[in-house]
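**Q** My questions are about this predicted structure, shown below with the sequence.
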Amino acid sequence: MSLKLNQHISREFNAELERIRSQVLRMGGLVEAQLVHAVQALREGDSELADEVLKADQRINQLEVEIDAECTEIVALRQPAASDLRLIMGVIKTISDLERIGDEAKRVAKMADSDLAGHLPEHMSMEINYMADLARGMLHDVLDAFARLDADDALKIAQRDRQVDLKYESITRQLITYMVQDAKSIPTALAIMWAVRSLERIGDRSQNIAEHLIYLVRGEDVRHVPLDDLLQSANPRKTR
Amino acid sequence: MDTELNAQPSLLQEDSQNAELAVVVRGLHVYYGARLVLDNISLDVEQKQVTALIGPSGCGKSTLLRCFNRLNDLIDDCHVQGQVRLFKRNIYHPDEDVVTLRRQVGMVFQRPNPFPKSIFDNVAYGVRLQHKLGARELREVVRWSLKAAALWDEVKDRLSESALKLSSGQQQRLVIARALAVKPSVLLLDEPASNLDPISMLKLEELITELKSRYTIIIVTHNMQQAARVSDHTAFIDQGRLIEVSDTRSLFTHPKQKQTEDYITGRYG
Ligand SMILES: Nc1ncnc2c1ncn2[C@@H]1O[C@H](COP(=O)(O)OP(=O)(O)OP(=O)(O)O)[C@@H](O)[C@H]1O
Ligand SMILES: [Mg+2]
């Protein structure tokens, strides 16, 4: 069943849903920019950019509150059912994950403030960059899928979290090796550890958003369902 | 319960998977003259559960309700084909005693229709036809029914006044009390809350929820939230066809049919 927001008899309701959708996308865009800036600040040791990230976070929090209020209003006044209800519930969960992604970006930016930022070993810098690209790619694509209410894409994106996790594990292993070899590297290594931990969580949260999207489009709750099972059931469903 | 089961072993074996069904409809067609208004309806209604019928005006909900107690027999050019079984008994069988049937299957109509009698007599009417009760017992039944219908407090001091003096919301609760008084096993409610204020409506819903431990209830309502709140199962009918029937939770969160989705979310099909 494809999801159409604009076919309600009440045109005002159509407009409200459309507005919520575009606000979620706006919020997502801001969060994505935060992530990009935070990683850049970390790699280049740019504390001014890091400050900007910290400040811009307020705008994201504010948007979350605004969208939340609008959703509550729709529930109270429109009493949405079925796909409309799932959309509202999905949006409420999605913006909460977006807000947390914003917080993780802020954590990454905070690392840029410390002395070691900008002095990352070249190899580490590349690794972090790569992992950040994976996480950011997930976030970007899931927002894109959200814009199109595309559950099939969301399913593929959800699977990509595995790659982020693998990268996280490999970076962690390398960091431990550094620390074992050279005690002086411990503060730097720990700071990097914090940053990549945040990136790993951003992957998790993007996966959550993908799952909310699948739920709101298809009506099935896919959290805690092994992804392989989902892929198997995804194909027959397409034919409907 | 056990003794009952032991008494009729053959019957149970034969229909054991349907043991909890109150009403079974199979291949039901209803015509007004040449016009087909219910098209091949098959539906199971579970015992001691609330089943809601929803659908656009004119889709055939009231007509379907009237098949459950053969009220359509009273409509001149109405023809009914197919099967309706009530607790396994084919109610369209020639031997069916319609008077007993209608006592067993009580109905509250879409438009409140109190008799031009006192409030008390309205509620007592059916009870008097059925049982020889003493004055005290009869008063007790009337009081219980009016309380159950959330009307008692408003009318307890004016029971001998004409029912026609009541407001339409009060009349609606009165006819509900009248239907309850005879303790039917199946209760058909056709838009019972359409004239009620929100508090009386919630009280009625509360009543329905209470009653379902003893009765099977089929309710027609245009209020989607009401259907969602009170019913266990919901059937969506459109243009005389049963489009979808499922448990209320899934019907209102993820209906299977696009037609249902469009209807309950207020979209044009
Ligand atoms: N006595 C009758 N004679 C002829 N046609 C009738 C009769 N009663 C109902 N109909 C027609 O049968 C169709 C179904 O009517 P019904 O009253 O069952 O609809 P409904 O779903 O209860 O509608 P509403 O929600 O408006 O009460 C309608 O098209 C109606 O015009
Ligand atoms: Mg009707």
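**A** Now that the structure is in, tell me what you want to look at. Residues are numbered from 1 along each chain as shown, chains lettered A, B, ... in the order given. Ligands and ions are numbered 1, 2, ... in the order given.
**Q** CA only for contacts and neighbour counts going forward, please
**A** Will do.
**Q** Would you state the helices of the stretch 51-200 of chain B in chain order?
**A** With helices called from DSSP state H, counting those that start in this stretch, the stretch 51-200 of chain B shows them at B:61-68, B:98-104, B:119-130, B:135-148, B:152-155, B:168-181, B:198-211.
**Q** okay if I get those as a markdown table plus mean pLDDT?
**A** Below are the helices of the stretch 51-200 of chain B laid out as a markdown table (pLDDT from 0 to 100):
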| stretch | mean pLDDT |
| --- | --- |
| helix B:61-68 | 97 |
| helix B:98-104 | 92 |
| helix B:119-130 | 92 |
| helix B:135-148 | 93 |
| helix B:152-155 | 95 |
| helix B:168-181 | 91 |
| helix B:198-211 | 87 |
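**Q** Ok, which of those helices comes nearest ligand 1?
**A** With Cα to the nearest ligand atom as the criterion, ligand 1 lies closest to helix B:61-68 of those, at 3.6 Å.
**Q** other SSEs contacting the closest one?
**A** Applying 3 or more Cα pairs under 8 Å, 6 or more residues apart in numbering or on different chains; DSSP states H and E, one finds that helix B:61-68 contacts strand B:78-86, strand B:186-190, strand B:216-220.
**Q** quick one on the thing from earlier: of the helices of the stretch 51-200 of chain B, flag the one that's most buried.
**A** Comparing the helices of the stretch 51-200 of chain B by mean neighbour count (mean count of other Cα atoms under 10 Å in any protein chain shown), helix B:168-181 comes out on top with a mean of 25.
**Q** Tell me how far it lies from the chain's centre.
**A** 13 Å (Cα atoms, centre = their mean, to the nearest Å).
**Q** how far off helix B:198-211 does it point, in degrees?
**A** Helix B:168-181 and helix B:198-211 meet at an angle of 10 degrees, taking axes from the mean of the first three to the mean of the last three Cα atoms, to 10 degrees as the criterion.
**Q** Next, the angle helix B:135-148 makes with helix B:168-181.
**A** 130 degrees.
**Q** contact partners of helix B:168-181?
**A** For helix B:168-181, contacts defined as Cα atoms under 8 Å, 6 or more residues apart in numbering or on different chains pick out B:106-108, B:111-114, B:119, B:122-127, B:141-142, B:144-146, B:148-151, B:163-164, B:187, B:192-193, B:195-197.
**Q** would you list the helices of the stretch 51-200 of chain B in TSV and tack on distance to A:E70?
**A** Output for the helices of the stretch 51-200 of chain B, formatted as TSV (distance: least, Cα to Cα, whole Å):
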stretch	distance to A:E70
helix B:61-68	36
helix B:98-104	49
helix B:119-130	48
helix B:135-148	39
helix B:152-155	41
helix B:168-181	35
helix B:198-211	25
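**Q** Redo these as a markdown table? Include distance to ligand 1.
**A** Below are the helices of the stretch 51-200 of chain B laid out as a markdown table (distance: least, Cα to the nearest ligand atom, whole Å):
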| stretch | distance to ligand 1 |
| --- | --- |
| helix B:61-68 | 4 |
| helix B:98-104 | 18 |
| helix B:119-130 | 24 |
| helix B:135-148 | 25 |
| helix B:152-155 | 28 |
| helix B:168-181 | 16 |
| helix B:198-211 | 18 |
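**Q** and A:P187, which of those is closest to it?
**A** A:P187 lies closest to helix B:198-211 among those, at 63.5 Å (Cα to Cα).
**Q** Any chance of the helices and strands packed on helix B:61-68 in CSV with mean neighbour count as columns?
**A** Formatted as CSV, the helices and strands packed on helix B:61-68 follow (neighbours: other Cα atoms under 10 Å in any protein chain shown):
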stretch, mean neighbour count
strand B:78-86, 18
strand B:186-190, 25
strand B:216-220, 26
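**Q** which stretch among those comes nearest chain A?
**A** Closest of the helices and strands packed on helix B:61-68 to chain A is strand B:216-220, at 18.4 Å (criterion: Cα to the nearest Cα).
**Q** do that closest one and ligand 1 meet?
**A** No - taking Cα under 6 Å from any ligand atom as the criterion, strand B:216-220 and ligand 1 are apart, separated by no less than 7.9 Å.
**Q** Which phi and psi values does A:S10 adopt?
**A** Main-chain dihedrals, A:S10, degrees, to the nearest 10: phi -80, psi 110.
**Q** ugh, typo on my part, it should be B:H131
**A** The phi/psi pair for B:H131 (degrees, to the nearest 10) is phi -130, psi 150.
**Q** how many other residues sit next to the residue of chain A found nearest ligand 1?
**A** Using Cα to the nearest ligand atom, the single residue of chain A nearest to ligand 1 is A:I9, 18.6 Å away. Applying other Cα atoms under 10 Å in any protein chain shown, we find 14 residues neighbouring A:I9.
**Q** Can you tell me the closest non-neighbouring residue to it?
**A** Closest residue to A:I9 apart from its sequence neighbours, by Cα to Cα, 6 or more residues apart in numbering or on different chains: B:R267 at 5.3 Å.
**Q** what about the helices in chain A?
**A** Ranges of helices in chain A, per DSSP state H, are A:11-44, A:47-78, A:82-113, A:122-148, A:151-159, A:161-181, A:186-218, A:227-238.
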